[in-house]
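S.K.: Using only what follows, build the 3D model:
(2 chains)
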Amino acid sequence: MTAETIIQSLASGLLMGLLYGLIAVGLALIFGLMDVVNFAHGEFLMIAMYATFFLFAFFALDPLLSAPLVAAALFIFGAVVYLLIVRFAVRAKANTGMVQIFSTFGLAVLMRGVAQYFFTPDYRSIPHSWLGGKTISIAGIYLPQPQLVGALIAIAAFAGLYFFIHRTDFGRALEATREDAGAVALVGIDKNKVFALGWGLGAALVGLAGAVMAIFFYVFPDVGASFATIAYVTVALGGFGSVFGAFAGGIVVGLVEAITTLILPPSLKTVGIYGVYLLVVFIRPRGLFGSI
Amino acid sequence: MTITRRNVLLGATAAAALGPIAARAQTSEVKIGVIYPFSGASAQIGVDAQRAFETAAEIINGKFDYDLPLARNEGLPGLGGAKIKLVFADHQADPQKGRAEAERLITQEKVAAVIGSYQSAVAVTASQICERYQIPYLSADNSSPSLHRRGLKYYFRAAPHDEMFSQAMFDFFDAMKKKGTKIETLALFHEDTIFGTDSSNAQLKLAQERGYKVVADIKYRANSPSLSAEVQQLKAANADVLMPSSYTTDGILLVKTMAELGYKPNAIVAQDAGFSEKALYDAVGDKLEGVISRGSFSLDLAAKRPMVGKINDMFKAKSGKDFNDYSSRQFMGLIVMADAINRAKSTEGEKIRDALAATDMPGEATIMPWKRVKFDENGQNNDADPVLLQYVGGKFVTIFPTQAAVAEASWPMK
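M.R.: Below you'll find the model as predicted:
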């Protein structure tokens, strides 16, 4: 194993890790806001990727240009999902947790089925885009441009989110609602509005990730499944509800995955991730940056 | 119209009442269970397979002037002209679901035989259930060599398995070496279910026997979100030939990642699967000029055997695609099974099994480049000669073996 191989693997792992973080942060945000795990998170990613693909196929819109549109569309979608489904699920008198799980899980199955019916199960991909297939080579280390730009977008999104939560009124309302939903109602903040916007924001972030992913990954109705699993472990590792935790968790997962592949047979690469996760659970059950 | 709960109940009762009558009326039909993935990651395979089986059923049930068994008669003459009825079941690429669905097909749907299943891992469980109920199972397109070595009495496979395919690849390497091409090192890249594992085991053994050095043997996790680290290892090994055994999803990601990491192998000789799927070439075909894949079918054959082209047109009208290695084998699977049921003159599992064992179909009466269809005592057809195809200018041409070849291999790939 040469130094070049190691550096290349770590670089690839870091870039993928930042994308994993971007995929996971919406999940962390929604969980932090109202203690609901969105089991349709992978399917949110899937429709974002399809939206990017169809904007390219019908309007020849490059994924980089359609990314804001897709994020905006997902924002609306996320808010609607809250208003039509989750809002009612959390009202359940008994077994609230189960009702929440099954409502978002049911949504996931439905979305997959609808996608398979309308888009067919065929694998689609965007054959030519501004970044697709391009790569930068520095001293023998290859950095694929789609992942590189994706990583930069992820960093920018995290910075923006940080600013948004800590410096804007809405962000403060979000934090306050999360701390004590009953108390914010007393000061005149509409809890439902805050939750709907939170879901919108979470979905918009995964929409952004989907648009970037569509540049270099294939799209099909089940594409969300493997990424969702990684998103859940990322959130659990980084700390439930912590936005910064999702960022750090994503990087850890990406790097651990890359290192595991160097040491163990690649078919065991998820073993490393779960091993590290179990270690974290052992030492710090709430996750690396969890505050709950 | 509003659907009330009462409407739904009425409808269900009516359906339940009509069910048995409909079942009794179907005596002039022979039901065959077709078990494929219709949802999940490989659902498109199932969708295309359904079209291939429907094409075969159309030819069997209708009257066509092809030199194919049962084409010239309507239905099965051995059973008084009974029609073939296909019952499709979705195994979602899950061996446990495959087991359950096979059992349902046999006990609920009363199928006379089962054909499957794309994923070899599912064929393992589905064929075990068939064995227990003494119902024949035919692998249309499963290629794992271990499948026919389990001592099953009711298992049959008309198509080649991966050892035969891999053997063709190594025969081809030997022939190329004789011509002075440098082929010394190989890199194996295979997914972690039974298909990839069996394929790489066969390749490892052949490489050892024939003196090729395997410089990388990478077993990766199917449907991985990223293959960067794996490709990095392939690149570092830089073998003369890269030999992937991958389904479509991983195949697309592999080729994309190779391009991103600046890895351009001298030659790729693929164990089919993803590398015969249109979706893969739609996605990354521009990076695959000159890729070689094994196959058991080639449209070139239409020049020698015109019915191949005509049947392909029938399939294309249904599916929008040309026959590929999979759809052609699925098509032949039903023809072989229906031919046996016709000769058995019965829908009893044991009689169909004996008729299958007695099958002797000349290659000219198929759409494949095979010598014939004749099963050995394990249910394997050893006369199904595989071919190697090269992707040139947007389509596949046969390059090996010499008697079937229509073009010379171009090596290295572009």
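S.K.: Around chain A, which positions in the stretch 101-250 of chain B sit nearby?
M.R.: B:192, B:218-221, B:223-226, B:228-230, B:232-233, B:236, B:248-249 (CB under 8 Å from any CB of the partner chain). Where C-beta positions appear, they are placed from N, C-alpha and C, glycine not excepted.
S.K.: Show me which of the residues you listed are buried.
M.R.: B:192, B:218-221, B:223-226, B:228-230, B:232-233, B:236, B:248-249 (16 or more other CB atoms under 10 Å in any protein chain shown).
S.K.: In the stretch 51-200 of chain B, which residue sits nearest chain A?
M.R.: B:D192 (3.9 Å; CB to the nearest CB).
S.K.: who touches the spatially most central residue of chain B in this structure?
M.R.: Nearest to the geometric centre of chain B sits B:D141, at 2.4 Å (CA atoms, centre = their mean). Contact analysis of B:D141 by CB atoms under 8 Å, 6 or more residues apart in numbering or on different chains lists B:A49, B:S117, B:Y118, B:A159, B:D325, B:Y326, B:R329, B:Q330, B:G333.
S.K.: So it belongs to a helix, correct?
M.R.: No - B:D141: not assigned to a helix; according to DSSP: H, G, I helix; E, B strand; the rest coil it is coil.
S.K.: hey, what's the closest residue to A:P265 other than its chain neighbours bridged with?
M.R.: Among residues not flanking A:P265 along the chain, B:K219 sits closest, at 5.4 Å (CB to CB, 6 or more residues apart in numbering or on different chains). Beta-bridge partners of B:K219, counted by DSSP bridges, are B:H190.
S.K.: In this structure B:K219 contacts A:T261, no?
M.R.: No - between B:K219 and A:T261 there is no contact under CB atoms under 8 Å: 11.2 Å.
S.K.: still on that earlier bit, what's the separation between the spatially closest residue to the residue of the stretch 51-200 of chain B closest to chain A that is not a sequence neighbour and A:G106?
M.R.: Leaving out its chain neighbours, the residue that sits closest to B:D192 by CB to CB, 6+ apart is A:S267, at 3.9 Å. Distance, A:S267 to A:G106, by CB to CB, to the nearest Å: 32 Å.
S.K.: repeat for A:N192
M.R.: Distance from A:N192 to A:G106, by CB to CB: 21 Å.
S.K.: With neighbour numbers in mind, choose between these two.
M.R.: Comparing A:N192 with A:G106 by other CB atoms under 10 Å in any protein chain shown, the one with more neighbours is A:G106, at 14 against 11.
S.K.: Read off the pLDDT value for the more buried one.
M.R.: A:G106 carries a pLDDT value of 94.
S.K.: hang on, it in a helix?
M.R.: Yes - judged by three-state DSSP, A:G106 forms part of a helix.
S.K.: Need phi/psi at B:V392.
M.R.: phi -130, psi 130 (degrees, to the nearest 10).
S.K.: Surely it is in contact with B:G290?
M.R.: Yes - between B:V392 and B:G290 there is a contact at 6.8 Å, judged by CB under 8 Å.
S.K.: immediately after the lowest-mean-pLDDT helix or strand in chain A, which helix or strand?
M.R.: Across the helices and strands of chain A, mean confidence by mean pLDDT, DSSP states H and E is lowest for helix A:181-186: a mean of 81. Sequence-wise, the next helix or strand downstream of helix A:181-186 (DSSP states H and E) is helix A:191-216.
S.K.: Quick check: the residue nearest to B:D192 touching B:Y220?
M.R.: Yes - at 5.7 Å, A:S267 and B:Y220 qualify as touching, with contact defined as CB under 8 Å.
S.K.: and for the two, which residues touch both?
M.R.: With CB under 8 Å, 6+ apart, A:S267 and B:Y220 have common neighbours B:D192.
S.K.: got the phi/psi numbers for B:P69?
M.R.: The phi/psi pair for B:P69 (degrees, to the nearest 10) is phi -50, psi 140.
S.K.: Next up, the contacts around the nearest residue to it once chain neighbours are set aside.
M.R.: Leaving out its chain neighbours, the residue that sits closest to B:P69 by CB to CB, 6+ apart is B:D339, at 4.3 Å. With contacts defined as CB under 8 Å, 6+ apart, the neighbours of B:D339 are B:P69, B:L70, B:T359, B:M361.
S.K.: my guess is the second one meets B:I341, correct?
M.R.: Meaning B:L70. No - the criterion here is CB under 8 Å, and B:L70 misses it with B:I341 at 9.7 Å.
S.K.: quick one, which of those two is more surrounded?
M.R.: B:I341 (27 against 24).
S.K.: In space, what's closest to residue 206 - neighbours in sequence excluded?
M.R.: Going with chain A. A:G26 (4.3 Å).
S.K.: meant chain B actually
M.R.: Using CB to CB, 6+ apart, the closest residue to B:L206 is B:F170 (4.6 Å).
S.K.: Surely B:D376 touches B:T359?
M.R.: No - checked against CB under 8 Å, the pair B:D376 and B:T359 is beyond contact range at 11.2 Å.
S.K.: between these two, which one's more packed in?
M.R.: More crowded of B:D376 and B:T359, by other CB under 10 Å: B:T359, with 19 against 11.
S.K.: Let me see the contact set for the more buried one.
M.R.: B:V336, B:D339, B:A340, B:V373, B:K374, B:F375.
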